[in-house]
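>>> from the sequence below, what's the structure:
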Amino acid sequence: MGFYPYFDSTYMLVVIGIVLTLAASARVKSTFAKYSRVRSMSGLTGAQAAERILQSSGIVDVSIERVSGKLSDHYDPRTKVLRLSDSVYDQSSIAAIGVAAHECGHAIQHNHSYVPLKIRGALVPVANFGSMAAWPLILIGAIFVGSQTLIDLGIILFSLAVLFQLVTLPVEFNASRRAVERLGETGILYGDELRYTKKVLNAAALTYVAAAAATILQLLRLVLLFGGRRRD
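Alright, predicted model coming up:
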């Protein structure tokens, strides 16, 4: 039975994925920090802006809560709770309002039964299972029992995580588009403020693009290492 060396050239795919992820993370942090120092002319905090956006969108059954952490903001469609971090909840910066509006974008998607959001929600459990079970199956198939069937099953399961990342992209971009539209329509931000907010949201979107790229590179590595490997 063949065995793979500890290091091989496909590790470069992993390295590229890590570099992309770190670069995107650094970009969003620096952009958020920059525009966190720019106070909005409306003076609204992130929580107040979120409340106004939800009300103007006819959404009255979503609550807004504070959550610990930095840039840990998210919308939970199961409980209809919009959670804003300390750096967003009571801050009146353009960055804070932009992030709050983005999460409102997800609440609006949920309210309108946005199909990609529903697909992503359905993929969460299978993607989590796939990412956890993929490597054990591949390693068992390749090292212990020599089963290409187990290897292929592991690769298929990992592909579910890739699919989740790909579906996430239109969901996040659409939420940002809705956010900018609502900020302009409600008059919470205008002029250069909207342009600055777009920079914050675009930087945040890059983290999802980088995550998708890194996952695809991981899948490519799995295929190169284990795909089509047969026993005599």
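>>> ok, now which ones touch the closest residue in space to D90 that isn't next to it in sequence?
Spatial nearest neighbour of D90, excluding adjacent residues (C-beta to C-beta, 6 or more residues apart in numbering): T45 at 4.9 Å. To be clear about C-beta, it is placed using only N, CA and C from the backbone, and glycine gets the same treatment. Applying C-beta atoms under 8 Å, 6 or more residues apart in numbering to T45 gives the contacts 89-92, 96-97.
>>> nearest to F129, of the residues you listed?
Y89 (33.2 Å; C-beta to C-beta).
>>> how about the closest one, what does it touch?
So Y89 contacts 45-47, 66, 96, 100 (C-beta under 8 Å, 6+ apart).
>>> what residues does V60 make contact with?
With C-beta under 8 Å, 6+ apart, V60 has these contacts: L54.
>>> could you look up the SS state of it?
Per DSSP: H, G, I helix; E, B strand; the rest coil, the local secondary structure of V60 is coil.
>>> repeat for S113
Going by three-state DSSP: S113 is coil.
>>> residue ranges in the chain under the pLDDT threshold?
1-7, 228-232 (pLDDT under 70).
>>> centroid-nearest residue for this protein?
The chain has Y208 as the residue nearest its centroid, 4.6 Å off, counting by C-alpha atoms, centre = their mean.
>>> re the thing from before, among the contacts of Y89, which ones are in strands?
Among those, the members falling in strands (DSSP state E) are R66.
>>> what about the contacts of Y89, which are in helices?
46-47, 96, 100 (DSSP state H).
>>> name the single longest helix found in this structure.
From DSSP H, the single longest helix across the chain is helix 148-186.
>>> and the helices in the chain?
Using DSSP H, helices in the chain cover 11-36, 46-56, 86-89, 94-111, 115-139, 148-186, 192-226.
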